[in-house]
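**Q** what's the 3D shape of this:
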Amino acid sequence: MNKMHTPESLSYSSEHLWTKSIAGGLWEAGITDYAQDLLGDIVFVEPPAIGSKLSAGKPCGLVESVKTGSDLHAPVDGEVLEINQALINNPELINEKPYQAWIFKYKPSESDDKSNISNRLLTAEAYQALINGL
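**A** Presented below is the predicted three-dimensional model:
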């Protein structure tokens with residue numbers, strides 16, 4: 001059984017991104033502990049461009065490790081407002097602290113409240129069940 005760290009406070013996509021609501025109607029997104037573990041040593045992050053539109057489930061960026069490259073898939077529809085510049089120079093921060101190393105901040109396109117977005121994504125328990133089945 002693959003018991004990875006999956007904080008209860010976050011929502012998860014089936015493509016191994018975590019996301020959480022932060023101040024001002026913005027959300028942060030990054031890759032999960034499971035994803036960084038699978039990738040191994042991360043050497044390059046290509047976040048989505050600021051101002052780019054996100055389409056749920058569609059590729060929006062790239063994370064590369066010494067082993068392979070993996071697309072980032074948008075958790076929901078929205079617009080990218082900020083990227084984590086620290087990861088450009090230090091992509092290994094994702095390996096060290098995957099749930100603090102956000103890759104991009106976005107504003108969801110729906111005027112949905114937080115619970116509607118969370119309902120479309122996986123809970124920590126559901127995400128853990130998903131990765132246990134892999």
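**Q** show me the contacts for Val63.
**A** By CB atoms under 8 Å, 6 or more residues apart in numbering, Val63 lies in contact with 31, 35, 39, 42, 44-46, 69-70, 72, 91, 94, 103. In this view, the C-beta of every residue, glycine as well, is placed from N, C-alpha and C.
**Q** buried ones in the least confident helix or strand in the chain by mean pLDDT, by neighbour count?
**A** Least confident helix or strand, the chain: helix 114-120 with a mean of 76, by mean pLDDT, DSSP states H and E. If you call a residue buried by 16 or more other CB atoms under 10 Å, then helix 114-120 has these buried ones: Ile117, Ser118, Arg120.
**Q** over to stretch 18-25?
**A** Within stretch 18-25, the residues scored as buried using 16+ other CB under 10 Å are Trp18, Thr19, Lys20, Ser21.
**Q** cool, stretch 76-88 as well?
**A** Under the neighbour-count criterion of 16+ other CB under 10 Å, stretch 76-88 has Val76, Asp77, Gly78, Val80, Ile83, Asn84, Leu87 buried.
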